[in-house]
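A.B. asks: My questions concern the predicted model and sequence given below.
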There are 2 protein chains.
Amino acid sequence: MRNIVLVTSEVIDDANLARLSAVASVCSSRKLDERSLLKILPNVDALVVFFWPGFLTSENLARMKRLRFIQSVLVGVNHFPYHDLRAGIVIASNAGAYSLEVGEHAWALLLAAAKKVVADSKRLADGAISFAEFSGEARDIVVLKGKTLGIIGYGGIGATVAGYARAFGMNVLAYGRNKRRIRGVEYLRGSKGLASLLKQSDAILLSVPLNRSTQHLIGKRQLAIMKKHTILVNVARGDLVDQEALYGHLTANPRFTYATDVFWAKSGRESLETDYKFQALPNFIGTPHMSGPTGIVSGTPATSAVDNVLRFFTGKRPKNLVDRSDYLEAV
Amino acid sequence: MRNIVLVTSEVIDDANLARLSAVASVCSSRKLDERSLLKILPNVDALVVFFWPGFLTSENLARMKRLRFIQSVLVGVNHFPYHDLRAGIVIASNAGAYSLEVGEHAWALLLAAAKKVVADSKRLADGAISFAEFSGEARDIVVLKGKTLGIIGYGGIGATVAGYARAFGMNVLAYGRNKRRIRGVEYLRGSKGLASLLKQSDAILLSVPLNRSTQHLIGKRQLAIMKKHTILVNVARGDLVDQEALYGHLTANPRFTYATDVFWAKSGRESLETDYKFQALPNFIGTPHMSGPTGIVSGTPATSAVDNVLRFFTGKRPKNLVDRSDYLEAV
């Protein structure tokens, strides 16, 4: 019997569906009515998912006795229903697939904050007609050269951004689990290492997965030890940062900037509606999660997700295996 | 008799005034009343100027019989009254002194345009609560890697930005008079070379001095041969671009973006008031000439200007000598 792959996202394009067909029968959930879909579930060997599909409830998952592999098209797999996924199911993230697009977006946010591009272009659009005073506004502009960038989570995005930082003449500190080493990047480990990074950095990039141990990684205590003028850039997940603590910190520290492409989850899904009025703060810059879709447009995430499914079915070790203990509550 | 240097800008700080004092008597126009100032003019050997000072009229310049050297603290010397400056007076620009700060600002503008940071953060601030459609907004985001950057005017700023572009994986074309060569940068010459750069580039940086031959360097004809999605970044002088032609091009080509830190001159001086309503266009990004003041804050321009005056008085050849034929109308 041929392997069956159920694809639940339109992000996988026809060319990649054809590649999958070489190793398995491919079903697209969008092309099946509910009855056919339910009928096929017990025979599905592998799933390719983007956002977790609503029809894959606890009950329906229990019927998927043959399910052995789940490939995520997204990097973040924090929203998977781990409690309902048997221990034998191999789960793979799509880490690295968006590194270029997200890395470029991160640098855009950092520079927009450093050079006050959003605030100053707004000032101009609002009809301001006076040039900067050397002693005034210009002193708040941050020159990146010689400053220190701290990267929290040193995977594909972190490495991409580290390359930009070195071209800009910045010192780079990295905190993360990976052992990957790049010349010119100083690695820090453990809670002391993290504290040291937070204290030393003029700019901090969050590019770490959201999981049990990174939820609210940046809270009141972490914000308090950062420099007063730090630029905190988030291209990973909103909930890495404690929303209430951040709002308090931004209002109390006008020279501190938070520049983000990602927002906090409401009912398990990212929402652009925040609990606090961040948009009214001049030291908040937000873009509506543009970096991921930019990556999707490139086609890379679809191709790399399918590459990984082919790896699984041809007996090779898939990349980006998820350690579910990162996400499951300890029993 | 000791040489006399008249400093007409407060940008030259005390430490640099002290350095000047080692080779000359230093007078600061801000500390002299008008009578003393007029009295001293015939004895002044060298001038250090920022904006051209109002009191240095044609009449007063005619009285400065000993004047041999003028050092600009600004890079741009297009506003000097060349008709009133005797041929024997050596004039030096301050090219290179702001390269780092202006280069970083140029990259901030380019990325803000490429990633639509200003437009999208405005969309969010205005209360938009929908994420990007992969097939919609995300397709308008420009990924820099693999694209081509054309640099018009390859001096210090151009070289700085070329370094960033290469770290971002861009191809770099350069058009300019300098012979400076950097690995990975392709040089183009002459009007055919310029046309080729305009046609090939996905992003174009203007970092060339404004003079007789570069005034309106970018007009209707040049805009017409650029790609429809080109991002044009200006960190040099507004009048390199024909204002009317640009406005027409921006309204007719919504995917084309103009991102600028510099504005057109009115009555000989840069003004934030434009002849057309650029601020109402979503494909216009403007910051109020922040890059220069950022450079001033660093202290580099003051130091490098004074370095050059010292060079002149100790018999060395000053750097950045101005060829006045670039600015004077042909007789």
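C.D. replies: Right, received. Where do you want to start?
A.B. asks: Mind giving me the packing neighbours of the helix or strand hosting residue A:310?
C.D. replies: Taking DSSP states H and E as the criterion, residue A:310 maps to helix A:300-313. With contacts defined as 3 or more CB pairs under 8 Å, 6 or more residues apart in numbering or on different chains; DSSP states H and E, helix A:300-313 has these neighbours: helix A:14-21, strand A:46-49, strand A:69-72, strand A:90-92. In short, each C-beta sits where N, CA and C put it, glycine included.
A.B. asks: How far off centre is it?
C.D. replies: 19 Å (CA atoms, centre = their mean, to the nearest Å).
A.B. asks: Need the three-state assignment for residue A:204.
C.D. replies: With DSSP: H, G, I helix; E, B strand; the rest coil as the basis, residue A:204 sits in strand.
A.B. asks: quick revisit: pLDDT of the helix holding residue A:310, averaged?
C.D. replies: When pLDDT is averaged over helix A:300-313, the result is 96.
A.B. asks: and that helix with helix A:14-21, angle?
C.D. replies: 0 degrees (axes from the mean of the first three to the mean of the last three CA atoms, to 10 degrees).
A.B. asks: How about residues contacting helix A:300-313?
C.D. replies: A:3, A:5, A:11-13, A:16, A:19-20, A:22-24, A:46, A:48, A:69, A:71-74, A:90, A:92, A:94, A:96-98, A:100, A:295-296, A:317-320 (CB atoms under 8 Å, 6 or more residues apart in numbering or on different chains).
A.B. asks: show me what contacts the residue nearest in space to the middle of chain A?
C.D. replies: Central residue check for chain A by CA atoms, centre = their mean: the C-alpha nearest the mean position is that of residue A:236, 2.8 Å away. Counting by CB under 8 Å, 6+ apart, residue A:236 touches A:76, A:153, A:157, A:206, A:207, A:208, A:209, A:210, A:262.
A.B. asks: hang on, the last one packs against residue A:241?
C.D. replies: Spelled out, that is residue A:262. No - using CB atoms under 8 Å, residue A:262 is not in contact with residue A:241, being 9.3 Å away.
A.B. asks: Common neighbours of the two, please.
C.D. replies: residue A:234.
A.B. asks: Return the distance of residue A:291 relative to residue B:305.
C.D. replies: Remark: distance between residue A:291 and residue B:305 (CB to CB, to the nearest Å) = 42 Å.
A.B. asks: okay, the two: which has more neighbours?
C.D. replies: Neighbours were counted for residue A:291 and for residue B:305 using other CB atoms under 10 Å in any protein chain shown; residue B:305 has more, 28 against 25.
A.B. asks: re earlier: so which of the contacts of helix A:300-313 reach chain B?
C.D. replies: A:11, A:100, A:296 (CB under 8 Å from any CB of the partner chain).
A.B. asks: Tell me the one of these nearest chain B?
C.D. replies: For these, the minimum distance to chain B (CB to the nearest CB) is 4.8 Å, reached by residue A:296.
A.B. asks: thought the closest one was touching residue A:11?
C.D. replies: Yes - counting by CB under 8 Å, residue A:296 touches residue A:11, with 5.6 Å between them.
A.B. asks: if I pick residue A:214, what's in contact with it?
C.D. replies: Contacts of residue A:214 by CB under 8 Å, 6+ apart are A:153, A:208, A:240.
A.B. asks: again with residue A:67
C.D. replies: A:44, A:45, A:46, A:47, A:61, A:86, A:89.
A.B. asks: you'd agree it is in a strand?
C.D. replies: No - Residue A:67: not assigned to a strand; according to three-state DSSP it is coil.
A.B. asks: Return the distance of it relative to residue A:170.
C.D. replies: Look at residue A:67 and residue A:170: by CB to CB, they are 45 Å apart.
A.B. asks: cool, residue A:11 as well?
C.D. replies: The value you get for residue A:11 to residue A:170, if CB to CB is used, is 34 Å.
A.B. asks: do the same with residue A:209
C.D. replies: With CB to CB as the criterion, residue A:209 and residue A:170 are 24 Å apart.
A.B. asks: Give me the spatial nearest neighbour of residue A:197, chain neighbours excluded.
C.D. replies: Leaving aside its sequence neighbours, residue A:197 sits nearest to residue A:150 (CB to CB, 6 or more residues apart in numbering or on different chains; 4.1 Å).
A.B. asks: Then residue A:64?
C.D. replies: Among residues not flanking residue A:64 along the chain, residue A:41 sits closest, at 5.2 Å (CB to CB, 6+ apart).
A.B. asks: Residue A:114 too?
C.D. replies: residue A:142 (4.0 Å).
A.B. asks: thinking that neighbour is in contact with residue A:229, fair?
C.D. replies: Yes - taking CB under 8 Å as the definition, residue A:142 is a contact partner of residue A:229 at 7.0 Å.
A.B. asks: picking that back up, from the contacts of residue A:236, which is closest to residue B:125?
C.D. replies: Lowest distance from residue B:125 to these (CB to CB) belongs to residue A:262, with 16.5 Å.
A.B. asks: What is the burial count for that closest one?
C.D. replies: Here the number of neighbours of residue A:262 (other CB under 10 Å) works out to 24.
A.B. asks: Mean confidence (pLDDT) on the longest helix anywhere in chain A, please.
C.D. replies: As assigned by DSSP state H, the longest helix anywhere in chain A is helix A:99-114. Averaging pLDDT along helix A:99-114 yields 97.
A.B. asks: mind listing what's buried in that helix?
C.D. replies: Across helix A:99-114, burial judged by 16 or more other CB atoms under 10 Å in any protein chain shown covers A:99-114.
A.B. asks: And the residue of the stretch 201-331 of chain A found nearest chain B, its phi and psi?
C.D. replies: Per CB to the nearest CB, residue A:293 is where the stretch 201-331 of chain A lies closest to chain B, at 3.3 Å. Per-residue torsions, residue A:293: phi -60, psi -30 (degrees, to the nearest 10).
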